[in-house]
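Chemist: Coordinates only, no sequence provided:
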Ligand SMILES: NC(=O)c1ccc[n+]([C@@H]2O[C@H](COP(=O)([O-])OP(=O)(O)OC[C@H]3O[C@@H](n4cnc5c(N)ncnc54)[C@H](O)[C@@H]3O)[C@@H](O)[C@H]2O)c1
């Protein structure tokens, strides 16, 4: 097992919303980062998201210009799996699909050194299922970062059936080295956060579809009435409606009918209205 003090290079697999955020935060905390996606244009989009986020952090005085430049220079992009061979710790953040994740972990098993922590950012898929695609399930753990990664303080640490105690400790320490706080969840459907959040979002969508209130009043009602920073429709757009649908479908399969995705959620995703990232979801975005 890598000693956390010896971790220098972090590999991030997937350069989308979460992967680019994790790569950025690792780089701003001094790690060298290799960020991999399956095509050059996707790696470029990941870098564009990082550049946007870093400039916002400079603009609001969270980072200095030179800290931002140094962080950016620590990140390299690749489409080549072999470039992950030198990683001291890996965080996987590819699409929420069990077969894709298992195939990524089987590849990581081939290419990564023994003893390296292999973390997955999955929102809902069993860590034990993902780990069983490797010959080293004891080194596989869930590190469920929250969106947007540079701003959200919390990371959910998910312990699989065969995750070793030393892996859990290393994962806690890695998150702490990024200035994040962790809580642990057993490897049960949805872990702590999504088990509770997904039905809340889904019920907000269903309430809108069934005409209980306007979308603004549903969001304002939940904000003013329960003191949350975003209502369910706004938050679902922010997360990505496709991500919400995938997560809800996984929970529906595992926990039964109370998790059945709202009709309107499926219709929006089929129409390509994915929320903030596609420019429209329940609201319109520039
Ligand atoms: N979006 C959120 O709010 C959020 C929050 C917490 C956790 N998550 C989880 O994080 C993970 C990623 O979600 P996201 O929102 O960043 O998705 P995304 O669609 O923005 O990005 C996923 C990226 O993975 C890439 N990819 C697919 N197969 C790959 C492979 N074999 N190798 C390398 N890259 C590959 C895709 O090309 C894409 O760029 C999912 O497991 C999701 O459930 C998402």
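Modeler: Thanks, I have the structure now. Everything numeric in this text was worked out from a predicted model, so none of it was measured.
Chemist: shouldn't residue 6 be in contact with residue 115?
Modeler: No. The criterion here is C-beta atoms under 8 Å, and residue 6 misses it with residue 115 at 10.3 Å. Bear in mind the C-beta positions are built from the backbone N, C-alpha and C, glycine included.
Chemist: who has more neighbours, the two?
Modeler: A direct count of neighbours by other C-beta atoms under 10 Å for residue 6 and residue 115 places residue 115 higher, at 14 against 8.
Chemist: what about the closest residue to residue 9 other than its chain neighbours, distance to residue 273?
Modeler: Leaving aside its sequence neighbours, residue 9 sits nearest to residue 32 (C-beta to C-beta, 6 or more residues apart in numbering; 4.6 Å). Using C-beta to C-beta, to the nearest Å, one gets 38 Å for the distance from residue 32 to residue 273.
Chemist: and the residue in the chain that the ligand sits nearest to, how many neighbours?
Modeler: Closest residue of the chain to the ligand, C-beta to the nearest ligand atom: residue 16 (1.8 Å). Counted by other C-beta under 10 Å, the residues lying close to residue 16 total 18.
Chemist: is it true that it touches residue 43?
Modeler: No. Look at residue 16 against residue 43 with C-beta under 8 Å: they stay out of range, at 10.6 Å.
Chemist: what residues are shared contacts of the two?
Modeler: residue 37 (C-beta atoms under 8 Å, 6 or more residues apart in numbering).
Chemist: Could you tell me which residues of the stretch 51-200 of the chain lie near the ligand?
Modeler: Contacts of the stretch 51-200 of the chain with the ligand, taken as C-beta under 6 Å from any ligand atom, map to 93, 94, 95, 96, 100, 104, 121, 122, 123, 144, 147.
Chemist: Let me see the ranges of the strands in the stretch 151-286 of the chain.
Modeler: Taking DSSP state E, counting those that start in this stretch to define them, one finds strands in the stretch 151-286 of the chain at 154-159, 181-186.
Chemist: any chance of those in JSON lines, with mean pLDDT and mean neighbour count too?
Modeler: Shown next, in JSON lines, are the strands of the stretch 151-286 of the chain (pLDDT from 0 to 100; neighbours: other C-beta atoms under 10 Å):
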{"stretch": "strand 154-159", "mean pLDDT": "98", "mean neighbour count": "20"}
{"stretch": "strand 181-186", "mean pLDDT": "98", "mean neighbour count": "14"}
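Chemist: Serialize the ones you listed to JSON lines and add fields for distance to residue 193.
Modeler: Listed next are the strands of the stretch 151-286 of the chain as JSON lines, based on distance: least, C-beta to C-beta, whole Å:
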{"stretch": "strand 154-159", "distance to residue 193": "6"}
{"stretch": "strand 181-186", "distance to residue 193": "8"}
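Chemist: got the contact list for residue 174?
Modeler: The contact partners of residue 174, by C-beta under 8 Å, 6+ apart, come to 4, 7, 89, 117, 119, 143.
Chemist: follow-up on the earlier one: what residues are up against the residue nearest to residue 9?
Modeler: 8, 9, 10, 74, 76.
Chemist: redo that, cut-off 7 Å
Modeler: Listed by C-beta atoms under 7 Å, 6 or more residues apart in numbering, the contact partners of residue 32 are 8, 9, 74.
Chemist: Please identify which helix or strand holds residue 57.
Modeler: Counting by DSSP states H and E, the element that carries residue 57 is helix 40-59.
Chemist: which strands and helices sit next to the helix or strand just after that helix?
Modeler: Using DSSP H and E, the helix or strand that follows helix 40-59 in sequence is helix 65-74. Contacts defined by 3 or more C-beta pairs under 7 Å, 6 or more residues apart in numbering; DSSP states H and E place helix 65-74 against helix 17-28, helix 40-59.
Chemist: Contacts for helix 65-74, please.
Modeler: With contacts defined as C-beta under 7 Å, 6+ apart, helix 65-74 is touched by 24, 27, 28, 31, 32, 33, 50, 54, 57, 58.
Chemist: Just want the angle from it to helix 17-28.
Modeler: 120 degrees (axes from the mean of the first three to the mean of the last three C-alpha atoms, to 10 degrees).
Chemist: Quick one: distance of helix 65-74 to the chain centre.
Modeler: Counting by C-alpha atoms, centre = their mean, to the nearest Å, helix 65-74 is centred 23 Å from the centre of its parent chain.
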